[in-house]
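>>> The sequence isn't on hand, but the structure is:
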């Protein structure tokens with residue numbers, strides 16, 4: 001039986017604000033209501049409001065100006081809504097993000113991670129696992145894997161949330177440079193520990209976005225397995241036809 005998955009709260013709020021920009025309620029050049037005002041007006045939590053505003057800034061509807069706040073830019077010349085899970089995973093600041101660091105542990109490298117990192121079977125890699133939450137509910141489980149040689153001299157093995165993103169940390173400590181990312185999307189049933197963290201009933205599948213970050217030479221630096229509950233999330237891409 002086919003059914004439509006409802007978009008996350010922050011996406012629905014972003015769409016509402018976007019509609020108000022298009023109908024002139026929020027005119028270009030004016031400030032949008034404050035976070036507190038949006039929380040009260042829409043009855044949503046601050047994390048949801050913040051994430052909606054970040055999405056609109058990313059897509060060019062809004063911009064932040066120092067000393068003035070968040071202002072309306074208007075409809076972008078080309079609207080491209082892309083759920084770039086890879087860039088979000090690489091940019092996440094664990095110490096500031098909504099959610100919690102679940103575990104930091106050395107594990108045998110999963111088969112599909114080994115293939116992209118160029119590691120033999122049974123090699124050990126460091127895994128940092130972060131559970132992202134929205135309004136107190138789990139929405140995303142990110143397991144990031146790092147080869148042993150890249151971990152030395154960093155704070156990646158610390159069980160404390162990392163200040164700043166893993167990308168910024170590695171670029172600063174190891175003098176590497178992240179250049180491009182590939183994302184591979186598949187569906188599967190979660191492992192028991194994954195299902196428990198995501199609070200999934202038996203039989204509910206997950207979308208797995210395997211994010212591989214490379215340097216300019218094509219060497220894989222970090223692999224993140226982003227799990228999304230298939231009954232709560234959707235992936236969307238809007239693009240212009242040539």
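Looks like it came in fine. This one's a predicted model, so the numbers in the text were calculated from it and none came from an experiment. Numbering: from 1, shown residues only.
>>> Any idea which helix or strand in the protein has the lowest mean pLDDT?
In the chain, no helix or strand scores lower on mean pLDDT, DSSP states H and E than helix 85-91, which sits at a mean of 80.
>>> For whichever helix or strand comes after that one, name the packing helices and strands.
Of the helices and strands lying after helix 85-91 in sequence (DSSP states H and E), the nearest is strand 99-108. For strand 99-108, the helices and strands in contact under the criterion 3 or more CB pairs under 8 Å, 6 or more residues apart in numbering; DSSP states H and E are strand 124-134, strand 137-147. (Glycine included, C-beta is placed from N, CA and C.)
>>> Can you give me the neighbour number for the spatially closest residue to residue 165 that is not a sequence neighbour?
Excluding the flanking residues, the one nearest residue 165 by CB to CB, 6 or more residues apart in numbering is residue 91, at 4.9 Å. The number of residues packed around residue 91, counting by other CB atoms under 10 Å, is 14.
>>> now the one 5 residues further on
Neighbour count of residue 96, defined by other CB under 10 Å: 9.
>>> how close does residue 171 sit to residue 90?
The gap separating residue 171 from residue 90 is 11 Å, by CB to CB, to the nearest Å.
>>> rewinding a little: export the helices and strands packed on strand 99-108 to TSV and tack on mean pLDDT?
Formatted as TSV, the entries for these read as follows, by pLDDT from 0 to 100:
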stretch	mean pLDDT
strand 124-134	95
strand 137-147	94
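>>> Make TSV out of the ones you listed and add distance to residue 23 and mean neighbour count.
Listed next are these as TSV, based on distance: least, CB to CB, whole Å; neighbours: other CB atoms under 10 Å:
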stretch	distance to residue 23	mean neighbour count
strand 124-134	27	19
strand 137-147	29	21
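>>> could you dump the ones you listed to TSV with distance to residue 106?
Putting those into TSV (distance: least, CB to CB, whole Å) gives the following:
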stretch	distance to residue 106
strand 124-134	5
strand 137-147	10
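>>> residues touching residue 34, list them.
Shown in contact with residue 34 (CB atoms under 8 Å, 6 or more residues apart in numbering): residue 69.
>>> How much space separates it from residue 177?
Distance from residue 34 to residue 177, by CB to CB: 38 Å.
>>> Leaving out chain neighbours, which residue sits closest to residue 97?
With CB to CB, 6+ apart as the measure, residue 132 is the residue that lies nearest to residue 97, at 6.6 Å, once sequence neighbours are left out.
>>> ugh, typo on my part, it should be residue 231
residue 204 (5.6 Å).
>>> I'd assumed residue 230 was in contact with that neighbour.
Yes - here residue 204 reaches residue 230: they are 6.6 Å apart, a contact under CB atoms under 8 Å.
>>> Those two: which has the busier surroundings?
Set residue 204 next to residue 230 and count neighbours by other CB under 10 Å: residue 230 wins out with 18 against 15.
>>> I figured the more buried one was touching residue 205, is that so?
Yes - the pair residue 230 and residue 205 passes the contact test of CB under 8 Å, sitting 4.7 Å apart.
>>> Quick check: neighbours shared by these two?
Common neighbours of residue 230 and residue 205 (CB under 8 Å, 6+ apart) are residue 187.
>>> Alright, I will stop here.
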